[in-house]
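In: show me the folded form of this:
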Amino acid sequence: MLLVDDEPALTNLVQMALNYEGWDIEVAHNGEQAAQKFRDVEPDLLVLDIMLPDTDGLQILKQIRENDRYTPTLFLTARDSVMDRVQGLTAGADDYLTKPFSLEELVARLRGLLRRANAMTDPSEETLKVGDLVLSGPSREVTRGGERITLTSTEFELLRYMMRNARRAVTRAEILDRVWNYNFGGRSSIVDLYISYLRRKIDDGRKPMIQTVRGVGYMLRPPEEQ
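Out: Numbers count the residues shown, from 1 in each chain. Below you'll find the model as predicted:
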């Protein structure tokens, strides 16, 4: 794993904690070091601070996404506005964690990222169809009305879970447990953020399929059944 942050005290603490968990960690403290180490190490995971002294973490990830087939990425950031989080997800991040954070939550998030990334190579023959929305397990492709929709691994797993439970209201706690695999009461706000981002891709310019069920959570169903 490659950890990129300009605070030595933070990187030392995270590196020590993750080493204890059995992770191999490389550290970079600026964008130039990050780019070089990414090429040298080819990490399984990338943990990236947005605010770096010589560049913007969003730009680093953009460059990586343009040249790299896929590396699961989590943003560590002091920014906690919805716009900043959506910006990070738009740049290609799979998850985010705001400072200050607990090491327990960081480890859980990283394990979830690895699990979802490994699922991308799962040769499952499952193909799901809800209305004109089709998700193919073998090819990891999603289409709506024949138009291809590009999703990150986290978005794909969230959509797959909702399609498996189409026409049923699922709670935020269920989604956290099944998609993020959080077992310590992780913040449900991350579910709301990913639902809003998924809506931008699935429902934008079309009749909406993802419905909010007040007091419960969310439901996915064809527009004609609403």
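In: only C-alpha atoms from now on, for both contacts and neighbour counts.
Out: Noted.
In: check which residues of the helix or strand harbouring Leu198 are buried.
Out: Secondary structure assignment for Leu198, by DSSP states H and E: helix 189-202. Using 16 or more other Cα atoms under 10 Å as the test for burial, helix 189-202 gives 190-191, 194-195, 197-198, 202.
In: mean confidence for that helix?
Out: Mean pLDDT, helix 189-202: 88.
In: return the distance of it from the chain's centre.
Out: Mean-position distance between helix 189-202 and its chain equals 11 Å (Cα atoms, centre = their mean, to the nearest Å).
In: average pLDDT across the helix or strand that comes right after it?
Out: Using DSSP H and E, the next helix or strand after helix 189-202 towards the C-terminus is strand 210-213. Across strand 210-213, pLDDT averages out at 94.
In: likewise stretch 40-47?
Out: In this model, stretch 40-47 has an average pLDDT of 90.
In: residues contacting that stretch, please?
Out: For stretch 40-47, the surrounding residues in contact (Cα atoms under 8 Å, 6 or more residues apart in numbering) are 1-4, 71-76, 110, 114.
In: about what we covered before: convert the C-alpha atoms of the helix holding Leu198 to PDB, please.
Out: Provided in PDB are the C-alpha atoms of helix 189-202 (Å, rounded to 0.1, in the frame of the first residue of the first chain):
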ATOM      1  CA  SER A 189     -23.500   9.500   5.900                       C
ATOM      2  CA  ILE A 190     -21.200   7.700   3.500                       C
ATOM      3  CA  VAL A 191     -24.200   5.700   2.200                       C
ATOM      4  CA  ASP A 192     -26.100   8.900   1.500                       C
ATOM      5  CA  LEU A 193     -23.100  10.300  -0.400                       C
ATOM      6  CA  TYR A 194     -22.600   7.200  -2.500                       C
ATOM      7  CA  ILE A 195     -26.400   7.000  -3.200                       C
ATOM      8  CA  SER A 196     -26.300  10.600  -4.400                       C
ATOM      9  CA  TYR A 197     -23.300  10.000  -6.600                       C
ATOM     10  CA  LEU A 198     -24.800   6.700  -8.000                       C
ATOM     11  CA  ARG A 199     -28.000   8.700  -8.800                       C
ATOM     12  CA  ARG A 200     -25.900  11.100 -10.900                       C
ATOM     13  CA  LYS A 201     -24.900   8.100 -13.100                       C
ATOM     14  CA  ILE A 202     -27.900   5.900 -13.100                       C
END
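In: which secondary structure elements does that helix contact?
Out: Packing partners of helix 189-202 (3 or more Cα pairs under 8 Å, 6 or more residues apart in numbering; DSSP states H and E): helix 82-90, helix 153-164.
In: I'm done for today, thanks for sticking with me.
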